[in-house]
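**Student:** Take this sequence and fold it.
(2 chains)
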Number of protein chains: 2
Amino acid sequence: MLLCDIGNTSYHFLDGENTFKESVSTFNPTSITKKVYFISVNAAVSKKLSFLENWIDLAAFVDKKKYYETMGIDRIVAAMAVKNAVIVDAGSALTVDMVKNGVFCGGFIYPGVRAMQKTYENISPALAYSFNFECDLDIMPKNSQDAISYGYLKTLYLELISHNLPIILTGGDASKFKKIFKDAKIDEQLIFNSMKKIIKENEESLC
Amino acid sequence: MLLCDIGNTSYHFLDGENTFKESVSTFNPTSITKKVYFISVNAAVSKKLSFLENWIDLAAFVDKKKYYETMGIDRIVAAMAVKNAVIVDAGSALTVDMVKNGVFCGGFIYPGVRAMQKTYENISPALAYSFNFECDLDIMPKNSQDAISYGYLKTLYLELISHNLPIILTGGDASKFKKIFKDAKIDEQLIFNSMKKIIKENEESLC
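**Tutor:** Presented below is the predicted three-dimensional model:
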């Protein structure tokens, strides 16, 4: 049995205890013959997979009424896994979702690291820097690299700490954000663990 | 006499009391024979203008030591014009600069409205919305348009109000941000007024 979380750019697999990624643009899903339980925010990929019998979309087993209509299934599945937390999923988008007493209270979407760096670079070649995740967010910057790093990170920081809830970091860039959110917990398997729980709760229909 | 503030995408002119814009990619500066006092953050345009006698770069009359080396001249000129304020210049980039008791205390750079919308759109076609500047920033969103609007605006809002200083909005998108920063003052001529002051203070060398 394989699990797969499909985003805008990658297929993210869990095989036993090993995770690996495949690019959305090059990976051929028919190359896998084992059973794959998946979730997908990528409409084009979802359509392709709907023709493959061994790819089982877990979205059908999720009570979406508690969330909102166009909310990505990855965010829903992550939110289902926690009781009281702000979940930060740092992928090509950075999604932030708040759960209080097991109830989803809303969330927002911020650009992921690479997307935001590209944005600054496109505005001006003078802003083509990597973000400095060790930038001092307590003082206003006086150099260009910190000026964009602070712009990306301090703004996000102030929003996240305003909720007074534990912060859980997941997604490919979780460890970068741990430098900013020092008290946050990294949980790289948050979505996969939630998917396993959905499978267990729906064993009868799924097996 | 013309004034011109040259950004990454436009020449922004002041002619008497009228302002107008020309695109960096199509405008030919030799088409103007009058004297033009300008500032420019666009290295390619600056180079072109250095060969034209009637285009006078005001950067030479600014004491840059009080700022930082790679800081855009538009931000410096704006900061020179205020005593106590956070200046938000909402153009293709959104720059934020803090001045206390006439001393520049640093600043940061955030993407402008169009650049940020493009970023979300590039992450996923499902995020191709315009920002909702009337989005309620007091509650976490439960729809996609507000999820990106809140991501762009609430984060910025919390940073700006944290300084407890008057907020001055300038640049092409100033009026949009006025909806978020209700107590802010819009000053569309901030940079041009500062340029006039520089010309006046350096009359002898400039005329």
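**Student:** quick one, domains of chain A?
**Tutor:** Under the assignment automatic domain parsing, the domains of chain A span A:2-61, A:83-192.
**Student:** Could I get the contacting residues of the closest residue to residue A:114 other than its chain neighbours?
**Tutor:** Nearest non-adjacent residue to residue A:114, counting by CB to CB, 6 or more residues apart in numbering or on different chains: residue A:92, 6.8 Å away. C-beta: built from backbone N, CA, C; applies to glycine. Counting by CB atoms under 8 Å, 6 or more residues apart in numbering or on different chains, residue A:92 touches A:7, A:8, A:9, A:112, A:114, A:115, B:123.
**Student:** follow-up on the earlier one: in TSV: the domains of chain A, plus distance to residue B:197 and mean pLDDT.
**Tutor:** Listed next are the domains of chain A as TSV, based on distance: least, CB to CB, whole Å; pLDDT from 0 to 100:
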stretch	distance to residue B:197	mean pLDDT
domain A:2-61	49	96
domain A:83-192	23	97
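**Student:** Would you mind finding the most buried of these?
**Tutor:** Highest mean neighbour count among the domains of chain A (mean count of other CB atoms under 10 Å in any protein chain shown): domain A:83-192, with a mean of 19.
**Student:** got a markdown table for the domains of chain A, with distance to residue B:55 too?
**Tutor:** Below are the domains of chain A laid out as a markdown table (distance: least, CB to CB, whole Å):
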| stretch | distance to residue B:55 |
| --- | --- |
| domain A:2-61 | 45 |
| domain A:83-192 | 21 |
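**Student:** All the helices of chain A, in order from the start?
**Tutor:** A:43-49, A:73-80, A:113-123, A:144-161, A:174-178, A:190-201, A:203-206 (DSSP state H).
**Student:** For residue A:35, find the nearest of those helices.
**Tutor:** helix A:203-206 (9.4 Å; CB to CB).
**Student:** So what touches that closest one?
**Tutor:** So helix A:203-206 is in contact with A:37, A:56, A:61, A:199, going by CB under 8 Å, 6+ apart.
**Student:** Now intersect these with the strands, please.
**Tutor:** A:37, A:56 (DSSP state E).
**Student:** Put together CSV for the contacts of helix A:203-206, with distance to chain B on each row.
**Tutor:** Below are the contacts of helix A:203-206 laid out as CSV (distance: CB to the nearest CB, whole Å):
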residue, distance to chain B
A:37, 22
A:56, 23
A:61, 22
A:199, 26
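**Student:** got JSON lines for the contacts of helix A:203-206, with distance to residue A:30 too?
**Tutor:** Output for those, formatted as JSON lines (distance: CB to CB, whole Å):
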{"residue": "A:37", "distance to residue A:30": "17"}
{"residue": "A:56", "distance to residue A:30": "15"}
{"residue": "A:61", "distance to residue A:30": "24"}
{"residue": "A:199", "distance to residue A:30": "22"}
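**Student:** what sits against the spatially closest residue to residue A:50 that is not a sequence neighbour?
**Tutor:** Sequence neighbours aside, residue A:57 is the residue nearest to residue A:50 in space, at 7.5 Å (criterion: CB to CB, 6+ apart). By CB under 8 Å, 6+ apart, the contact set of residue A:57 is A:38, A:39, A:40, A:46, A:49, A:50.
**Student:** who are the neighbours in contact with the most centrally placed residue in chain A?
**Tutor:** In chain A, the residue lying closest to the centroid (CA atoms, centre = their mean) is residue A:89, at 3.3 Å. By CB under 8 Å, 6+ apart, the contact list for residue A:89 reads A:74, A:75, A:78, A:95, A:97, A:170, A:171, A:190, A:191.
**Student:** could the residues you listed be laid out in TSV, adding distance to chain B?
**Tutor:** Shown next, in TSV, are the contacts of residue A:89 (distance: CB to the nearest CB, whole Å):
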residue	distance to chain B
A:74	12
A:75	9
A:78	15
A:95	8
A:97	8
A:170	17
A:171	13
A:190	19
A:191	17
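**Student:** Pick the one among those residues closest to residue B:70.
**Tutor:** residue A:171 (31.4 Å).
**Student:** now the helices of chain A in a markdown table, with distance to residue A:130?
**Tutor:** Output for the helices of chain A, formatted as a markdown table (distance: least, CB to CB, whole Å):
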| stretch | distance to residue A:130 |
| --- | --- |
| helix A:43-49 | 29 |
| helix A:73-80 | 26 |
| helix A:113-123 | 6 |
| helix A:144-161 | 8 |
| helix A:174-178 | 10 |
| helix A:190-201 | 26 |
| helix A:203-206 | 43 |
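**Student:** Enumerate the beta-bridge partners assigned to the spatially closest residue to residue A:181 that is not a sequence neighbour.
**Tutor:** The shortest distance from residue A:181 to any non-neighbouring residue, by CB to CB, 6+ apart, is to residue A:167 (5.1 Å). Beta-bridge pairing of residue A:167 under DSSP bridges involves residue A:86.
**Student:** Check residue A:2 too.
**Tutor:** Beta bridges link residue A:2 to residue A:15, residue A:36 when assigned by DSSP bridges.
**Student:** And it, how far from chain B?
**Tutor:** Look at residue A:2 and chain B: by CB to the nearest CB, to the nearest Å, they are 24 Å apart.
**Student:** these two touch, right, that residue and residue A:16?
**Tutor:** No: contact criterion CB atoms under 8 Å: residue A:2 and residue A:16 do not qualify, at 9.0 Å.
**Student:** Contacts only, for the residue of chain A positioned farthest from its centre.
**Tutor:** Farthest-out residue of chain A from its mean C-alpha position, per CA atoms, centre = their mean: residue A:142, at 32.0 Å. Listed by CB under 8 Å, 6+ apart, the contact set of residue A:142 reads B:67, B:68, B:71, B:106.
**Student:** By neighbours, which of the residues you listed wins?
**Tutor:** Highest neighbour count within these, by other CB atoms under 10 Å in any protein chain shown: residue B:71, with 24 neighbours.
**Student:** Please list all residues in contact with that one.
**Tutor:** A:142, A:144, B:64, B:107.
**Student:** surely the second one meets residue A:130?
**Tutor:** I take that to be residue A:144. No: contact criterion CB under 8 Å: residue A:144 and residue A:130 do not qualify, at 11.8 Å.
**Student:** Distance-wise, check residue A:87 relative to chain B.
**Tutor:** 12 Å.
**Student:** How about residue A:116: what's its closest non-neighbour residue?
**Tutor:** Residue A:116's closest residue in space is residue A:152 (CB to CB, 6+ apart), at 5.3 Å.
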